[in-house]
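Chemist: with the input below, show me the fold.
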Amino acid sequence: MKYLYVSIGFVSVVLGVIGIFLPVLPTTPFLLLAAAMFFRGSPRAYRWLMNHPRLGPYIKSFREDKSIPLRIKVIAISTLWLTAIHCVLFIFPWLCLKLAMILLATAITLYILSFKTRRR
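Modeler: Reported below is the predicted structural model:
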């Protein structure tokens, strides 16, 4: 089972890192899943993730106060909607895909806004 936990953890880290650059893929949930899997499967990998200078703060701040910094919210929602509008206007040919993109962007926006805003 440890190998399965560690494998799922590393896949989650990869998806979380991709999510930093792709607005429709959330970063924090994948990093939280990775932390949980590493906690069960490999204390060394868990320590690496929690002490990572770029990825660790995502997990620590969310675990502590379940909040997202205002700057991150603005960037995430702006990038999300720029991508969604671009796809709807220029990429997707069918109405069903356009509607699905708008619904997905709306759901992700509501999800992001459901968390407290952390101010510095």
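Chemist: from here on, just use CA atoms for contacts and neighbour counts.
Modeler: OK.
Chemist: so which bits of stretch 69-82 are buried?
Modeler: By 16 or more other CA atoms under 10 Å, the buried positions in stretch 69-82 come out as 73, 76-77, 79-81.
Chemist: try stretch 77-96
Modeler: Here stretch 77-96 shows 77, 79-81, 83-85, 87-88 as buried, counting by 16+ other CA under 10 Å.
Chemist: spatially, which two of those residues are the most separated?
Modeler: I77 and V88 (16.2 Å; CA to CA).
Chemist: follow-up on the earlier one: nearest to R119, of the buried residues of stretch 69-82?
Modeler: The shortest gap between R119 and any of those belongs to K73, at 11.3 Å (CA to CA).
Chemist: my guess is the closest one contacts I112, does it?
Modeler: Yes. Contact between K73 and I112 holds when scored by CA atoms under 8 Å: they sit 6.9 Å apart.
Chemist: hey, where'd the strands end up in this protein?
Modeler: Using DSSP state E, the strands assigned to the chain run over residues 67-69, 116-118.
Chemist: between these, which gets nearest to N51?
Modeler: Going through the strands of the chain one by one, with CA to CA as the measure, strand 67-69 comes closest at 19.1 Å.
Chemist: given that closest one, what are its sheet partners and their directions?
Modeler: When sheet partners are counted by DSSP bridges, strand 67-69 sits next to strand 116-118 (parallel).
Chemist: quick check: buried residues in the strand it pairs with?
Modeler: Taking 16+ other CA under 10 Å as the neighbour-count basis, strand 116-118 is seen to contain the buried residues 117-118.
Chemist: distance from it to the middle of the chain?
Modeler: On the basis of CA atoms, centre = their mean, to the nearest Å, strand 116-118 is displaced by 16 Å from the centre of the chain it belongs to.
Chemist: what residues does that strand touch?
Modeler: Residues from elsewhere that reach strand 116-118, judged by CA atoms under 8 Å, 6 or more residues apart in numbering: 66-70.
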